[in-house]
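Visitor: Okay, sequence plus prediction incoming.
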Amino acid sequence: MNARPLPEIAIDPLLKRDIEAVASAFASTEEAEAVALADDIARPLRGDQRWAAFQAGVFEKMSECGYVVVRGLEADEGRSLLIVSAALEARFDTYRPGRIVKRFRMSPWTDELSHTTRAGDFHTDGNVSVTPPVATAMQCEHEDPGAPEYAEQRVAFFPDVLGRLLSGGSDEAAAVAFLTGSDTVMAHERSAEVWRGRLVESGTIRYHPHSLRVAEARLGVAVANLEAILAAVHRAAMAVSVPFQTAAGDTVLVSNRTALHYRGACSVRFTRFPSEFEARSLFVLHLKERTA
Ligand SMILES: [Fe+2]
């Protein structure tokens, strides 16, 4: 199949005003995070017709495409990101007690996947955890200085990727067998954590080429034709996805169970080499399943 059009929602200006009113009542991101963990941060908006329409649009696009790009919010250190993410009706994940929103700034001086300027792979987040997040929410703080040539983003809906692989050749068939029919291992670069199991199970996917390669190198788990399989998945994901850019405030909500996300190479503009430069930065948070 061909790529679907970009699922995007331009935030209603009056809803934006209401979101800003809720966001600006918090003195800090930490205060907004405390409310997001203890209560419903979007409570003041519940019952509002514009919020209900926005939330219905988010649900529709998430179920049809696995993601949605929300245009026109303010980059406010993660407060509006927390509020908008509450539309997904999940719980906020913490990376340390009380903290939800991470800030990443791209750098030419690191190899860390979350902020290297090098192009990434299509992947899911938290792929070696017992229970990966249900969704990832990312809000652009500063656009890449080299946009639109740099920092291309894409999200590939996994059912579309699978459909594409099923109509391909032998590498694609090997990829389908690998993803859906074999047990494998993924390992984390910076921890001893290892996950074993099937990448696609019960309609959900967990996947990261880097974690598969780390497991192969560290544990000596040889997968026949791993690189050819990863290349086939990449080709299929590129074919079924569309490139997009985000400006400051734009927010991407992505299912971490039904979609793979990707960003291309980023650039920096040096203002004083080597330490001072303009670069893309973003706020990121994860959501986990609501427990009964
Ligand atoms: Fe990611």
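Guide: On my side now, so go ahead.
Visitor: pLDDT value on Met1, please?
Guide: pLDDT for Met1: 59.
Visitor: Could you do Ala292 as well?
Guide: For Ala292, pLDDT reads 56.
Visitor: and the chain, what are its domains?
Guide: Split into domains by automatic domain parsing, the chain comes to 8-157+242-288, 158-238.
Visitor: mean confidence for the first one?
Guide: The predicted model gives domain 8-157+242-288 an average pLDDT of 96.
Visitor: want to try CSV for the domains of the chain, with distance to Asn2 as columns?
Guide: C-beta here means a position set from N, CA and C on the backbone, and glycine is covered the same way. Below are these laid out as CSV (distance: least, C-beta to C-beta, whole Å):
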stretch, distance to Asn2
domain 8-157+242-288, 10
domain 158-238, 9
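Visitor: okay, the ones you listed in TSV with mean neighbour count next?
Guide: Putting those into TSV (neighbours: other C-beta atoms under 10 Å) gives the following:
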stretch	mean neighbour count
domain 8-157+242-288	18
domain 158-238	17
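Visitor: Now do the host helix or strand of Phe59: which elements does it pack against?
Guide: Counting by DSSP states H and E, the element that carries Phe59 is helix 49-65. Identification of packing neighbours for helix 49-65 by 3 or more C-beta pairs under 8 Å, 6 or more residues apart in numbering; DSSP states H and E yields strand 8-10, helix 13-24, strand 67-71, strand 251-255.
Visitor: centre of the chain versus it, how much separation?
Guide: The chain centroid and the centroid of helix 49-65 are separated by 18 Å, computed with C-alpha atoms, centre = their mean, to the nearest Å.
Visitor: Can I get it in PDB? Just the C-alpha atoms.
Guide: Extracted as PDB, the C-alpha positions of helix 49-65 are listed here (Å, rounded to 0.1, in the frame of the first residue of the first chain):
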ATOM      1  CA  GLN A  49     -16.700  20.700  24.000                       C
ATOM      2  CA  ARG A  50     -13.500  21.700  22.200                       C
ATOM      3  CA  TRP A  51     -11.400  19.400  24.400                       C
ATOM      4  CA  ALA A  52     -13.900  16.500  23.700                       C
ATOM      5  CA  ALA A  53     -13.700  17.200  19.900                       C
ATOM      6  CA  PHE A  54      -9.800  17.300  20.200                       C
ATOM      7  CA  GLN A  55      -9.700  14.100  22.100                       C
ATOM      8  CA  ALA A  56     -12.000  12.300  19.700                       C
ATOM      9  CA  GLY A  57      -9.800  13.400  16.800                       C
ATOM     10  CA  VAL A  58      -6.700  12.200  18.600                       C
ATOM     11  CA  PHE A  59      -8.300   8.800  19.300                       C
ATOM     12  CA  GLU A  60      -9.400   8.400  15.700                       C
ATOM     13  CA  LYS A  61      -6.000   9.200  14.200                       C
ATOM     14  CA  MET A  62      -4.200   7.100  16.800                       C
ATOM     15  CA  SER A  63      -6.300   4.000  16.000                       C
ATOM     16  CA  GLU A  64      -6.200   4.600  12.200                       C
ATOM     17  CA  CYS A  65      -2.500   5.600  11.800                       C
END
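Visitor: could you give the angle of that helix to helix 13-24?
Guide: Orientation of helix 49-65 against helix 13-24 (axes from the mean of the first three to the mean of the last three C-alpha atoms, to 10 degrees) gives an angle of 100 degrees.
Visitor: Nice, that's everything, thank you.
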